[in-house]
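Enquirer: Have a look at this prediction, sequence included:
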Number of protein chains: 2
Amino acid sequence: MGKKKFVEAITSRDEDFARWYTDVCTKAELMDYSEAKGFIIYRPYGYALWENIKDYLDKEFKKTGHQNVYMPLVIPESLFLKEAEHVEGFAPETAIVTIGGNETLQERLIIRPTSEVLFCNHYQKIITSYRDLPKKYNQWCSVVRWEKTTRPFLRGSEFLWQEGHTVHKNEVEARKETMDILDIYNDLGRNLLAIPFVVGQKTDKEKFAGAVDTYSIEALMHDGKALQSGTTHYLGTGFAEAFNIKFQDADGEVKPVHQTSWGVSTRLIGAVIMVHGDDSGLVLPPYLAPVQVNIIPVMQHVEGVLAKAKDIKAQLEKANIRVDIDDTDKTPGWKFSESEMKGIPLRLEIGPRDIENNQCVLVKRFNREKLVVNLDELDSIIPNLLEEIHQAMYNKALENVQANTRETNDYNEFKKIISEKQGYIKMMWCGKRSCEEKIKEETQATSRCMPLSKESIGHNCPVCGEEAKHLVYFAKAY
Amino acid sequence: MGKKKFVEAITSRDEDFARWYTDVCTKAELMDYSEAKGFIIYRPYGYALWENIKDYLDKEFKKTGHQNVYMPLVIPESLFLKEAEHVEGFAPETAIVTIGGNETLQERLIIRPTSEVLFCNHYQKIITSYRDLPKKYNQWCSVVRWEKTTRPFLRGSEFLWQEGHTVHKNEVEARKETMDILDIYNDLGRNLLAIPFVVGQKTDKEKFAGAVDTYSIEALMHDGKALQSGTTHYLGTGFAEAFNIKFQDADGEVKPVHQTSWGVSTRLIGAVIMVHGDDSGLVLPPYLAPVQVNIIPVMQHVEGVLAKAKDIKAQLEKANIRVDIDDTDKTPGWKFSESEMKGIPLRLEIGPRDIENNQCVLVKRFNREKLVVNLDELDSIIPNLLEEIHQAMYNKALENVQANTRETNDYNEFKKIISEKQGYIKMMWCGKRSCEEKIKEETQATSRCMPLSKESIGHNCPVCGEEAKHLVYFAKAY
């Protein structure tokens, strides 16, 4: 049995970014392909990333009064067809159950591509009075959307996500919820993923099927493409009208409710890989990392080395640091490469010489900086190092966004930038779908979002020359 | 708009236990029916029960070296058909996806009824050496099994569960895993659910499709019927042979792996309802309860009452007690009934008179005992009370099991007990399937399990008179 192919060099990012990406996904053991096309297996290391995202968000959702529920996996076709715009958006990509218990079903069942209609149907039953409002529900589940071209974490026929669905007595409250969740998503990037998102509103063309307004967090990948990383929707009263969700208000009047929905998915794992990764593999931000410190004993056959390594592990665990130890019979060099491939934020090397001097060597994954640290100071120094690494990774990603965000009032220059440099381009826009479609057709760039700040950099739409209404971030996107 | 029908009397248990059960499920707002038959909605209060079970078990699994993964929702039919016994057991109750993205699929996709084949197919790819063993994976997900007769939590076309799938280098290690998990399940009953399980081995007739040996935890419901509440399986090498999962051992030989699988589901919620509930509704054991103390202000319009109630809430939350306050405009009597229906372990009443005396009234849900408690002592007394209630509920359930466990060496007496009293009957058995089937046919009782203690109460099988091999717990079951 040969050694694992683990540390064979992966494709470099600049040679072939798409191949580099799938190399990292498989060689860092984040996922594996299954026998069903487009359906992936989340391996322990990949699933642990999702668990950490989930833990962070679940706490935030609960802190802000949301409750978890679980809706059925399937939607009867007649129910699915109730809200017209929504159907139009999702029908082409559904998977359908037609057989159950060896019999052809009388009514076909759609596997949920998203659960608006299930929530609406339930809300219709349980909401009658203003006393029943607001309802702030969320669920963690998987959804199925049939995709022709799939890529691990980025686009799959099945993916894991959370979907929030809330009901409010008026527009003001529902719009506040839409923006509050957008803040929570943005903070997730700031605090856990070390990703600076561009936050804004989607154009009508790009908004969710059935929404009045859609907002998104957008991240910039190493190759200069943008990735939509999460969305929140103000749904208005459209679903309420289609599903007859009404309530008697305190003033005695019967009114339709105002709704929101919002979600982030395992796509965020793809964002982390493509924002932070390098040619040696994954680079994980410390608070997201399932293992924060990887202890690698050097000359572990020498008496006392393994014992000391285990002492250090116990010491760090007491300080709530997530720590692992690689005491396999591989060479230290091999272990270093594996540790880099898996993106573990700190590598801790300890050998006989270090023990004599009561010290160890720490190596930061993200910039390979080495430090010699006194063993007695480890549990106080490491938390500071993790925080420092987190900030440095965030700042590095932010600098990349800033360096790759350009603005122009000239559509020819826009085309030139897109073809040569990629990244974000800020440009004014008249608000007409035709200009947006022309840009997409001619450059492959799409409108990512309109920043909330309402800033302006010009008076006219560079495409048609008419009066400009919004500043838009454009980019090629995943 | 009328008041909610919340506290209308529910059916009494002795009048119609089945109806009492569904009354509790819906009126305690644990679940609702969806438009797809057999698929239920887990409402916030019901889902919170599952979250608490999940948190408890997930910690135990991780502590014992298990890792979470996520396998696809669907299994291509050809893969599903690989292990013959397994197929025979599950094929009749599968739901099948035949259409994806508006096209008829070339190969039909089975929605997972359980994921053995998905795990096996993955294990075959990633295991080559003894260094890769053991693999101890678990997943939290929903599965679909087409059911004709469904009941909330007990039997549904979709249910939530965890499924563990582990791979070991030899039989001893795999059998140890099977029993270790059985212990964890049994402890879940002891520590969280306040349910005393009868633990034992399933007969060949009742074991899992594809297992060598199956073990189960069985609980006794208020109506004298048993409920299989969780199972662990030693799978031997059957799946390894079917899926070609082999490894090179330290001795150089290539061997098939030994496997286990195990699971508990949202069925446990049904067990809690039917073991502890009473004619006023749900009765929750304190450590499982989403809300442990429900504060009900009395004469809350009097100045200072609501403020005091909120102070107490903050005080108890600091002591890590899960506490809620009902400050709606309903009457106290109404609130008391709701609190009882929801099975909240402690009700805390506080009114102007109480405040004057620096005290409050605590009422235990499970036996309605009242205590007057000094407000300064609340946060030290309540944790003790919760522990006391937990123990008392466990003991009460245990006494019920003991009072309803009978033994006999006479098959006629067996029939008489089953028809008159239900509960468990311990009886010796020859090991032949024909006797087991005769008992089931004539009495509707099924073998629940063979206790691990190997105790014996007679020499012959009372059905056929031949030599007895095992003591068996029989009961009518859900």
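Expert: Great, that's in hand. Residues are numbered from 1 along each chain as shown, chains lettered A, B, ... in the order given.
Enquirer: show me what contacts A:Ala84?
Expert: For A:Ala84, the contact set (C-beta atoms under 8 Å, 6 or more residues apart in numbering or on different chains) comprises A:Ala242. Where you see a C-beta, it was placed from the backbone N, CA and C, and this is true even at glycine.
Enquirer: Pick out the residue nearest the middle of chain A.
Expert: A:Leu268 (1.9 Å; C-alpha atoms, centre = their mean).
Enquirer: what's around the closest residue to A:Lys82 other than its chain neighbours, how many residues?
Expert: For A:Lys82, ignoring the flanking residues on the chain, the nearest one in space by C-beta to C-beta, 6 or more residues apart in numbering or on different chains is A:Ala242 at 5.1 Å. A:Ala242: 18 surrounding residues under other C-beta atoms under 10 Å in any protein chain shown.
Enquirer: ok but A:Ala242 is inside a helix, no?
Expert: Yes - counting by DSSP: H, G, I helix; E, B strand; the rest coil, A:Ala242 falls inside a helix.
Enquirer: ok and the residue in the stretch 151-300 of chain A nearest chain B?
Expert: A:Gln248 (5.0 Å; C-beta to the nearest C-beta).
Enquirer: Spell out which residues sit in contact with that residue, please.
Expert: A:Thr128, A:Ser129, A:Tyr130, A:Val254, B:Met1 are the contacts of A:Gln248 under C-beta under 8 Å, 6+ apart.
Enquirer: Out of those residues, give me the one that has the most neighbours.
Expert: Going by other C-beta under 10 Å, A:Tyr130 tops the contacts of A:Gln248 with 18 neighbours.
Enquirer: What is the burial count for the residue in the stretch 351-478 of chain A that chain B sits nearest to?
Expert: Across the stretch 351-478 of chain A, the shortest distance to chain B (C-beta to the nearest C-beta) belongs to A:Tyr478, at 19.6 Å. If you count neighbours by other C-beta under 10 Å, A:Tyr478 ends up with 18.
Enquirer: With A:Asn244 instead?
Expert: Using other C-beta under 10 Å: A:Asn244 sits among 12 other residues.
Enquirer: Please look at it and A:Gln124 and confirm they touch.
Expert: Yes - contact status for A:Asn244 versus A:Gln124: in contact at 5.7 Å, counting by C-beta atoms under 8 Å.
Enquirer: avg pLDDT for the helix or strand containing the residue nearest to the centre of chain A?
Expert: For A:Leu268, the host element (DSSP states H and E) is helix A:267-276. Mean pLDDT, helix A:267-276: 98.
Enquirer: Give the next helix or strand downstream of that helix.
Expert: strand A:293-297.
Enquirer: For that following strand, name the packing helices and strands.
Expert: helix A:305-318, strand A:323-325, helix A:332-341, strand A:346-350 (3 or more C-beta pairs under 8 Å, 6 or more residues apart in numbering or on different chains; DSSP states H and E).
Enquirer: Single out the most deeply packed of the ones you listed.
Expert: strand A:346-350 (a mean of 23; mean count of other C-beta atoms under 10 Å in any protein chain shown).
Enquirer: Quickly run through the sheet partners of that one, with directions.
Expert: strand A:293-297 (parallel), strand A:359-364 (antiparallel) (DSSP bridges).
Enquirer: Please export the C-alpha coordinates of the first one as CSV.
Expert: As requested, C-alpha coordinates have been extracted for strand A:293-297 and formatted as CSV (Å, rounded to 0.1, in the frame of the first residue of the first chain):
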residue,chain,number,x,y,z
VAL,A,293,-3.3,24.5,16.3
ASN,A,294,-1.7,21.3,14.9
ILE,A,295,1.1,19.9,17.1
ILE,A,296,3.8,18.1,15.1
PRO,A,297,6.4,16.3,17.2
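Enquirer: Would you list the phi and psi of the nearest residue to A:Thr408 once chain neighbours are set aside?
Expert: Spatial nearest neighbour of A:Thr408, chain neighbours left out: A:Phe414 (5.3 Å); criterion: C-beta to C-beta, 6+ apart. Note on A:Phe414: its backbone torsions stand at phi -50, psi -50 [degrees, to the nearest 10].
Enquirer: sorry, back to before: ok, which of the helices and strands packed on strand A:293-297 comes nearest B:Ala403?
Expert: Among these, helix A:305-318 comes nearest to B:Ala403, with 46.7 Å by C-beta to C-beta.
Enquirer: ok, and does the closest one reach over to chain B?
Expert: No - on the criterion C-beta under 8 Å from any C-beta of the partner chain, helix A:305-318 is out of touch with chain B, staying 12.6 Å away.
Enquirer: what residues does that helix touch?
Expert: Against helix A:305-318 from outside (C-beta under 8 Å, 6+ apart): A:293, A:295, A:297-300, A:323-325, A:327, A:348, A:350-352, A:355, A:360, A:375, A:378-379, A:382.
Enquirer: Those residues, buried ones only, as a PyMOL selection?
Expert: Only the buried entries of the contacts of helix A:305-318 go into this PyMOL selection, using 16 or more other C-beta atoms under 10 Å in any protein chain shown:
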select buried, chain A and resi 293+295+297+298+300+323+324+325+327+348+350+351+355+360+375+378+379+382
